[in-house]
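Q: Give me a model of this one.
(2 chains)
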Amino acid sequence: MSGGWNTIESDAGVFTFLIESLGVSNVQFEELISLDPDSLQQLNPIGVIFLFKYPTGEKPSRDKPLDGDFDFAAVETQEADKNVWFAAQTIQNACGTQALLSVLLNKTQQDGEGEVDIGPNLKEFKDFTSAFPADLRGEALSNSDLIRDVHNSFARSSPFVSDSSRLATDDDDVYHFIAYTSINSTLYELDGLQPAPIRHGDAGACPREIFADAVVPVLQRRIKRYPATEIRFNLLAMCEDLRVKAREVGDEVMLFREERKRREWRWENALRRHNFVEFIGEVMKGVARRKMEEEGGFQKWVEEGMASTQKRMEERKKRGQAGDEMDVS
Amino acid sequence: MAETPLFTFKAGRCDTNGRKVLPIQTPGYIYLYSEDDLIHLCWRPRSAPAAEPEIDLITIPGDATFTPLVKEAGAEDVRSPTNGRVFALKFSSSGEKQYFWMQSKSQHKDGDASWFSQRDQRLGQIVDLLLSGEDVNVESELEEIRRHARDDPDDGGSGANEDTDMMDLDRQGSGGAGADATGGDPREEGEASREGGADGGRAAAPSSSEHPQDASALVQNFLNSLGGSSSQQQQQRQGQQRIDKPFTTLPDLLTTNTTVSYIDSASPQQLDTLCALLPPDLFLLDQESASSTEATNPSPAAAQAAIEALSTEQKKDILKRVLRSPQLHQSLGSLTVALRDGGLPMIGEALGLKVENGGLIRGGSMPLGGGDAVEAFLNGVKKTVEEEEKEGKGK
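A: The predicted structure is shown next:
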């Protein structure tokens, strides 16, 4: 194994910039707040990424998936234009990127609408792995320096924070990502932990135009499988760059909104990738200097900090959780 | 379960209740088997048939570790902080932990049930090795253990019984935590979760370090090296720091209130210094018109120009936004962890801080750890500021 994969946040901005860095054009992600076919249809989705907290007790099924059917033939067929690109997941932390790629790498051979420009790097990767079985494709993915390096560049800026001191988002690394998309007019669920792509409905029954309508009930059935209190999930739609769409239809308001969203994503990504050590050093000195202007100010500042830490630890104890001062939840 | 087990030994399950690990009395077996390149760690009650484990955990080789839960890491005597011998099964990908206790009779000469004999440790090591995906010749390992026990009757002492307990599927012998076991505290202070592969570290950020001697790059390399060490080493490092005083953390010190009010009163020169330490993209974003939002790689000159073009108010706004961001707060947390984990000497030097004794333990060559390190860091900041004031800098 050539290197480690860090966890990345399941965030529309992260995913959009990640695939752009891999060379994909004109594709973005949108978070879905509600699971209704109409709002999904408006996005004209290329695919849907479903993230959920993977129940560790659930074993990957062997003979039959809990919903749908395994389609081994789709992976094995030698007919190039019928072959579904599917990779077995080998690295836990790569599963987000793996889910994205499992959609993108199946979008290169459609005529006209639905074709995605995945760029030379991914085209090369797809060609390289075209003759591989699923497990070798998975290996190739986890060994790809390019893909791994881009993936890791979006890793959270503090990969070594202990479980209990995670601030922004918790439990990200327990999430599992699976993708849904229409390939050859068939609705597929692509989950690297399953032995094959899972077909929902009949082959040929799901052209891209009705993908949004077809996928929603499948997702709803999936969500219903888990007790409502225990499952946390997230849905991201993969779609065409919405700014392009806004320009095409001349929707100024939408264009403004999408441009602003992009700027926010750029902002967040810039911070994510930045190493703050020197900045923090300067801020520490600046604040210390300010505190020291007042007699006993520095000491007071430290004591306030210690009091906050103590309080937090006690609150966690009360809630019955194991804790130490690194817990900030 | 189609495969024959690779290894089996007597063990019981544990529940966790907040900070306590509570053994469940049911006598049982832990056994491992491999299928389709995945390793299963199973537990079943002794009375149940082998094909029906109550617990069947599927692991990816290398993801899980199986290590003794120890009171004092690095001590010569390996002991659990409970009154039984407890092992922790940890998944690095998810951070999940489960606990099991050894049910074979303690080999301690006085019957101390929390003491891990050589044999006990080696059994645990076999499991750990199997989970890491190594090809373990279990038979020869066990033979080695038996031979060692024969040759060194002082190891645990109960040499005569030793054979009978290990792998003996018919004996009784509950051993370990007795009926009145009170359980132990499994929490490991400040333990960094291993995310990603064992050598996983964040790839060097392309934007931050042009020069390898960059303070930030040095610290990042240090953080990466933390991730590269085995979780056992980390656990031991953390274990040693469990007893120290909590002190405080950088997130608790640099609260948004504190930092925002500092920015409000900062001089233009201080603002510029701070802005220069932020990613240049932030300033270009502010400048750009609505239509161009393509990600660019600005040259340092372009970035500098962008900063200069901003008004003081704009700079303050950007700085405050950054200081409120979750990304910065995550960094404060991870820097605290780095300090506690022995990174103080390096961080202090990289930032040019006057840390006492270079951040090392007085009279020793080990770096300070835990709350002591954070305290020393803070005092280093104070001292540096005092000297800068004397020299007339920093205003």
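Q: the bottom helix or strand of chain A by mean pLDDT?
A: Ranked by mean pLDDT, DSSP states H and E, the helix or strand of chain A with the weakest confidence is helix A:72-76, at a mean of 85.
Q: Likewise for chain B?
A: Going by mean pLDDT, DSSP H and E, chain B bottoms out at helix B:159-165, a mean of 36.
Q: what's the spacing between residue A:36 and residue A:249?
A: 22 Å (C-beta to C-beta, to the nearest Å). C-beta here means a position set from N, CA and C on the backbone, and glycine is covered the same way.
Q: the helices in the stretch 151-300 of chain A, which residues?
A: A:211-224, A:242-249, A:252-273, A:277-292, A:297-318 (DSSP state H, counting those that start in this stretch).
Q: check contacts around residue A:65.
A: When contacts are counted by C-beta atoms under 8 Å, 6 or more residues apart in numbering or on different chains, residue A:65 touches A:189, A:194, A:198.
Q: To clarify, my last question referred to residue A:185.
A: Taking C-beta under 8 Å, 6+ apart as the contact definition, residue A:185 lies against A:203-208.
Q: Give me the phi and psi for it.
A: Main-chain torsions, residue A:185, degrees, to the nearest 10: phi 60, psi 30.
Q: Buried deepest among the helices of the stretch 151-300 of chain A, which one?
A: Of the helices of the stretch 151-300 of chain A, the one with the most neighbours on average (mean count of other C-beta atoms under 10 Å in any protein chain shown) is helix A:277-292, at a mean of 22.
Q: between the contacts of residue A:65, which is nearest residue B:264?
A: The closest of these to residue B:264 turns out to be residue A:189 (C-beta to C-beta; 52.7 Å).
Q: Quick check, the closest one in contact with residue A:68.
A: Yes: applying C-beta atoms under 8 Å, one finds residue A:189 in contact with residue A:68, separated by 6.2 Å.
Q: Common neighbours of the two, please.
A: Shared contacts of residue A:189 and residue A:68 (C-beta under 8 Å, 6+ apart): A:198-200, A:218.
Q: Between which two of these is the distance greatest?
A: Between any two of the shared contacts of residue A:189 and residue A:68, the greatest separation by C-beta to C-beta is 10.7 Å, found for A:199 and A:218.
Q: hey, what's in contact with both of those two?
A: Common neighbours of residue A:199 and residue A:218 (C-beta under 8 Å, 6+ apart) are A:68, A:187, A:189.
Q: In strands, which of those fall?
A: Among the shared contacts of residue A:199 and residue A:218, the members found in strands (DSSP state E) are A:187, A:189.
Q: which residues touch residue B:272?
A: Residue B:272 sits next to B:307, B:315 when contact means C-beta under 8 Å, 6+ apart.
Q: Serialize the helices of the stretch 151-300 of chain A to JSON lines and add fields for distance to residue A:121 and mean pLDDT.
A: Formatted as JSON lines, those follow (distance: least, C-beta to C-beta, whole Å; pLDDT from 0 to 100):
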{"stretch": "helix A:211-224", "distance to residue A:121": "26", "mean pLDDT": "90"}
{"stretch": "helix A:242-249", "distance to residue A:121": "21", "mean pLDDT": "92"}
{"stretch": "helix A:252-273", "distance to residue A:121": "19", "mean pLDDT": "91"}
{"stretch": "helix A:277-292", "distance to residue A:121": "31", "mean pLDDT": "94"}
{"stretch": "helix A:297-318", "distance to residue A:121": "45", "mean pLDDT": "89"}
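Q: I'd like the ones you listed as a markdown table, with distance to residue B:379 appended.
A: Below are these laid out as a markdown table (distance: least, C-beta to C-beta, whole Å):
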| stretch | distance to residue B:379 |
| --- | --- |
| helix A:211-224 | 53 |
| helix A:242-249 | 51 |
| helix A:252-273 | 29 |
| helix A:277-292 | 10 |
| helix A:297-318 | 9 |
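Q: Reformat those helices as TSV; add distance to chain B.
A: Shown next, in TSV, are the helices of the stretch 151-300 of chain A (distance: least, C-beta to the nearest C-beta, whole Å):
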stretch	distance to chain B
helix A:211-224	20
helix A:242-249	8
helix A:252-273	4
helix A:277-292	4
helix A:297-318	4
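Q: Helix, strand or coil: sort out the residue in chain A positioned nearest to chain B for me.
A: Going by C-beta to the nearest C-beta, chain B is nearest to residue A:4 of chain A, at 2.3 Å. Three-state assignment for residue A:4 (DSSP: H, G, I helix; E, B strand; the rest coil): coil.
Q: Give me the local confidence score for it.
A: The per-residue pLDDT reported for residue A:4 equals 77.
Q: Kindly report the same for the one 5 residues further on.
A: The per-residue pLDDT reported for residue A:9 equals 81.
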